[in-house]
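1. sequence-free structure coming up:
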């Protein structure tokens, strides 16, 4: 089950994609009005469980999507890593609101041994490939 934090692209982008991959979804109840305001999401209602708040949603899930602003994502990543039941994270780019905070979070993610993905599409550019190669040399 995936918890989704982020009531914008999280529910109209990630939710249909995850349900399409046979995943159940748990959302904080405060997202219910936004969910119900989107008629294209009605068909996913049976696949969604509602939790009292974000922390409750995280405690019910083994995966999490953080579709949040960088500053909010940088606050939630450590909280997600602290949940032993969470073993998969789908994160947005940029990872954090500053490169320094992003570097710390990236190291924390690597140390956690949890599976994570960050939605970087620049990896397909020449300069993006160079950045990835450099990171691979630094982090093994």
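-> On my side now, so go ahead. As the structure is a prediction and not an experimental result, all values here were calculated from the model. Numbers count the residues shown, from 1 in each chain.
2. just the strands in this protein please.
-> Secondary structure of the chain (DSSP state E): strands at 2-5, 25-28, 48-51, 63-66, 88-91, 115-118.
3. now tabulate the ones you listed in CSV and tack on mean pLDDT, mean neighbour count and distance to residue 103.
-> Where you see a C-beta, it was placed from the backbone N, CA and C, and this is true even at glycine. Shown next, in CSV, are the strands of the chain (pLDDT from 0 to 100; neighbours: other Cβ atoms under 10 Å; distance: least, Cβ to Cβ, whole Å):
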stretch, mean pLDDT, mean neighbour count, distance to residue 103
strand 2-5, 98, 25, 22
strand 25-28, 98, 22, 29
strand 48-51, 98, 16, 31
strand 63-66, 98, 26, 17
strand 88-91, 97, 20, 14
strand 115-118, 94, 15, 13
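4. just checking, residue 53 touches residue 31?
-> No. With contact defined as Cβ atoms under 8 Å, residue 53 does not count as touching residue 31 (10.5 Å).
5. ok, these two, which is more surrounded?
-> Taking neighbours as other Cβ atoms under 10 Å, residue 53 and residue 31 compare with residue 31 leading, 22 against 10.
6. flag the shaky bits of the protein, pLDDT-wise.
-> The model of the chain has pLDDT under 70 over residues 120-124, 140.
7. please repeat the previous calculation with a cut-off of 90.
-> The chain contains residues with pLDDT under 90 at 93-94, 99, 119-140.
8. helices of this protein, start to end?
-> Assigned by DSSP state H, the chain shows helices spanning 9, 15-20, 32-36, 54-60, 70-82, 99-112, 126-139.
9. tell me the phi and psi of residue 97?
-> With angles defined as degrees, to the nearest 10, residue 97 sits at phi -80, psi -10.
10. from residue 67, how far out is it?
-> Distance from residue 97 to residue 67, counting by Cβ to Cβ, to the nearest Å: 16 Å.
11. between these two, point out the one with more neighbours.
-> Neighbour count, other Cβ under 10 Å: between residue 97 and residue 67, residue 67 has more, with 22 against 15.
12. wouldn't the more buried one be in contact with residue 15 here?
-> No. At 9.5 Å, residue 67 does not count as touching residue 15 under the criterion of Cβ under 8 Å.
13. alright, that wraps it up for me.
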